[in-house]
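Participant: heads up, no residue letters with this:
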């Protein structure tokens, strides 16, 4: 039988816990979602520990696992993923950091970790830092979305095992420390970079203008999440698949690029609550035409959860369902579709949790079980049973008639 | 409580996918099978990934896993298993190959990979090759069933990591290559053996007679599937069990011998669609009298699947069920019975697939769950959950009150 094409739809943080005030339902159980339920009815369902039972997945480690890469082996910190998301091509030996543009006093006491959620001017500020050299270590700096940026240190003898400068709350900045002797040079360069950033940014025209407007200046950089890139075997090689991704949020785009997916920019795909669902669905259908495997991430559910908004999360479910409806209507008949989440983000917690997520696979050789709805409780009785995130890609490959035989 | 005896029945390739034209049923769901369903009703069921999710098991690697041996550690290729099946006692360092008797031109271009599916005379042809010596490497050769044979190279400095000579289709024979430097001597000896086989066989009386009858001569040997035996700890030692097997097909017999089972020849057990089910059932009951663990393989379901015959596969299910009926009637009351498959072979694919297989265990300390039928969908809701093939023997040992305590 011919191998089938595959579409993996990951609803970021959509999985939840039941909430007493809402009739003991999860947002998935409370929403009207005919397309998701049709997928469950015509496919095979289960519950998935994306990393392992009792481990709260980050969006980054979760996506690595969902693509079949062991995050315990390949993940060294968020910095490299942000760098990939910002389009910086890391080399082996580089150390990358996530950063915030922040506001600090002359004594380097942080008074606003997001510099009043600065939205404009960071590109100019970044340019003023980019290209700096610190005792033979060269500095690359690039702005990210809103108050975010990416720092890359490049040079001989660097090591990512250093502690954060970002104090993660208002207060004196932290001195980065080497966690291993090999990282001493990196910690020293990092501390020096942060001190110099205050000098460079304080007098920058962007900040002079902000002060005039009564806005907190973005006068210091707070790096965190140091990491080095590992050479990941691209998915094309690992699975023999031509892969593309539909994603709005930088972190997810970064991971997709790291595993060798084609990640086109899609107009209207913001990674926010205002994302253009229809544009994403249309992009997915188009990419299925020219790829073997298409991945789609929709971030909005996670955002509603972080805000603790049950009703908003129900709306997100219904919006995603509408988009899934378009996709199902236009998808090739033999497409294998997997619908799941990268982690649970209960609205009651406003944060990620270790609760397993529902997963449904339909099409190709997928057996049809008795599950009739896509939610956290219905999925538990499905024929996929309880699975791990790392097993999703192999399972999909099997159902799409692309698995390899071991033995004779 | 006294330890119980165990019977493991493996229905080769019987597990399947639902087929649209047959009312969205699998052959197991479509068949009348009162004995299998009784087993499910009185036992505990689950779904089993025989190797791992998304890995298509070969019959060889699958049986190793079902007996509790990690195929990733002990499997080096099919040659040694065929050799064991043919009754050749391999020594460490020997390299064994599966072979075909084939027809080739003077330029060693293969025109028929099975020499017209030769059925007689191969024992004489094998004798003419057996005992050859190639620069200190001695050659053992034994005929197998129909056009098949087994080659064993014995001597110093051999290594199984060589490529096949068999081109796997009509055309020029391949030159075997060493995949590692240590295997150069083996590749050279193998290539020399194949060349000489053409010389020895071309003028052999069996082939002169075949030519007279207008049949293609079996004038060359095509080796493939090189492997070396690993010293497998026998099941008697690993589990403290006296073990015997009821199997018709050479490959499965070979694995059973490799793990130290007693494998008597059973009249009428052919490993084909014409196998004598009743004879197999009676043999199993007899062996249970003198052993702790009896294994039974029934190959017919896999054959029907490779032919893509849904109706024939349903008949196979019903024949196996009848046999199971005899067994249940005559079995000792406290026998622990496991019923499962080594892999799925969907009739829609005509080949093995990575889909998990149903498993039911009844008797001894087996808990009774709510599953009432033995099939791929019903099993998914059983209390065994989703398990791995490597866990079947330990699970059986537990239910048969033979497991060991870890700790105090």
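Facilitator: Ah, there it is. Every value quoted in this text rests on a predicted model; they were computed, and no experiment measured them. Residues are numbered from 1 along each chain as shown, chains lettered A, B, ... in the order given.

Participant: Only C-alpha atoms from now on, for both contacts and neighbour counts.
Facilitator: Will do.

Participant: Count the neighbours of the closest residue to residue A:316 other than its chain neighbours for me.
Facilitator: The shortest distance from residue A:316 to any non-neighbouring residue, by C-alpha to C-alpha, 6 or more residues apart in numbering or on different chains, is to residue A:301 (5.8 Å). Burial of residue A:301 is recorded as 30 neighbouring residues (other C-alpha atoms under 10 Å in any protein chain shown).

Participant: Next: residue A:24.
Facilitator: Residue A:24 has 12 nearby residues by other C-alpha under 10 Å.

Participant: For it, what are phi and psi?
Facilitator: The phi/psi pair for residue A:24 (degrees, to the nearest 10) reads phi 50, psi 40.

Participant: buried set for stretch A:182-198?
Facilitator: A:183-191, A:193-194, A:196-198 (16 or more other C-alpha atoms under 10 Å in any protein chain shown).

Participant: got it, and stretch A:205-222?
Facilitator: Buried residues in stretch A:205-222, defined by neighbour count with 16+ other C-alpha under 10 Å: A:206, A:207, A:216, A:217, A:218, A:219, A:220, A:221, A:222.

Participant: So the fourth one is in contact with residue A:202, correct?
Facilitator: Yes - with contact taken as C-alpha atoms under 8 Å, residue A:217 and residue A:202 are classed as touching, separated by 7.5 Å.

Participant: who touches both of these two?
Facilitator: Common neighbours of residue A:217 and residue A:202 (criterion: C-alpha atoms under 8 Å, 6 or more residues apart in numbering or on different chains): residue A:208.

Participant: and chain A, which residues reach chain B?
Facilitator: When proximity is defined as C-alpha under 8 Å from any C-alpha of the partner chain, chain A approaches chain B at A:1, A:365-369, A:381-386, A:391, A:393-399, A:401, A:403-408.

Participant: and with 6 Å instead?
Facilitator: A:1, A:383, A:385, A:394, A:395, A:398, A:403, A:404, A:405, A:406, A:407, A:408 (C-alpha under 6 Å from any C-alpha of the partner chain).

Participant: Select from those the one having the most neighbours.
Facilitator: Of these, with other C-alpha under 10 Å as the count, residue A:383 tops at 30 neighbours.

Participant: Could you find the closest non-adjacent residue to it?
Facilitator: Going by C-alpha to C-alpha, 6+ apart, residue A:383 has residue B:380 as its nearest residue, at 4.7 Å.

Participant: if we can go back for a sec, turn the buried residues of stretch A:182-198 into CSV, including secondary structure, distance to residue A:76 and pLDDT.
Facilitator: Shown next, in CSV, are these (DSSP: H, G, I helix; E, B strand; the rest coil; distance: C-alpha to C-alpha, whole Å; pLDDT from 0 to 100):
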residue, secondary structure, distance to residue A:76, pLDDT
A:183, helix, 14, 96
A:184, helix, 18, 96
A:185, helix, 18, 97
A:186, helix, 15, 97
A:187, helix, 16, 97
A:188, helix, 20, 97
A:189, helix, 19, 97
A:190, helix, 17, 98
A:191, helix, 20, 97
A:193, helix, 21, 98
A:194, helix, 22, 97
A:196, helix, 26, 97
A:197, helix, 25, 97
A:198, helix, 28, 97
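
Participant: what sits against the residue of the stretch 151-300 of chain A found nearest chain B?
Facilitator: Going by C-alpha to the nearest C-alpha, chain B is nearest to residue A:239 of the stretch 151-300 of chain A, at 11.6 Å. Under the criterion of C-alpha atoms under 6 Å, 6 or more residues apart in numbering or on different chains, residue A:239 has no neighbours.

Participant: Let me know the average pLDDT across the longest strand that chain A contains.
Facilitator: If you go by DSSP state E, chain A has its longest strand at strand A:95-104. If you average the pLDDT over strand A:95-104, you get 96.

Participant: Where does residue A:333 sit: helix, strand or coil?
Facilitator: Of the three states, residue A:333 takes coil under DSSP: H, G, I helix; E, B strand; the rest coil.

Participant: And the pLDDT at it?
Facilitator: Here the pLDDT value assigned to residue A:333 is 91.

Participant: Need the three-state assignment for the nearest residue to residue A:204 once chain neighbours are set aside.
Facilitator: The shortest distance from residue A:204 to any non-neighbouring residue, by C-alpha to C-alpha, 6+ apart, is to residue A:125 (7.4 Å). When classified by three-state DSSP, residue A:125 comes out as helix.

Participant: Run through chain A and note the low-pLDDT ranges.
Facilitator: The model of chain A has pLDDT under 70 over residues A:1.

Participant: can you put the residues of chain A next to chain B in JSON lines and add distance to residue A:320 and secondary structure?
Facilitator: Formatted as JSON lines, these follow (distance: C-alpha to C-alpha, whole Å; DSSP: H, G, I helix; E, B strand; the rest coil):
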{"residue": "A:1", "distance to residue A:320": "32", "secondary structure": "coil"}
{"residue": "A:383", "distance to residue A:320": "25", "secondary structure": "coil"}
{"residue": "A:385", "distance to residue A:320": "25", "secondary structure": "strand"}
{"residue": "A:394", "distance to residue A:320": "26", "secondary structure": "helix"}
{"residue": "A:395", "distance to residue A:320": "24", "secondary structure": "helix"}
{"residue": "A:398", "distance to residue A:320": "27", "secondary structure": "helix"}
{"residue": "A:403", "distance to residue A:320": "30", "secondary structure": "coil"}
{"residue": "A:404", "distance to residue A:320": "33", "secondary structure": "coil"}
{"residue": "A:405", "distance to residue A:320": "36", "secondary structure": "strand"}
{"residue": "A:406", "distance to residue A:320": "38", "secondary structure": "strand"}
{"residue": "A:407", "distance to residue A:320": "42", "secondary structure": "coil"}
{"residue": "A:408", "distance to residue A:320": "43", "secondary structure": "coil"}
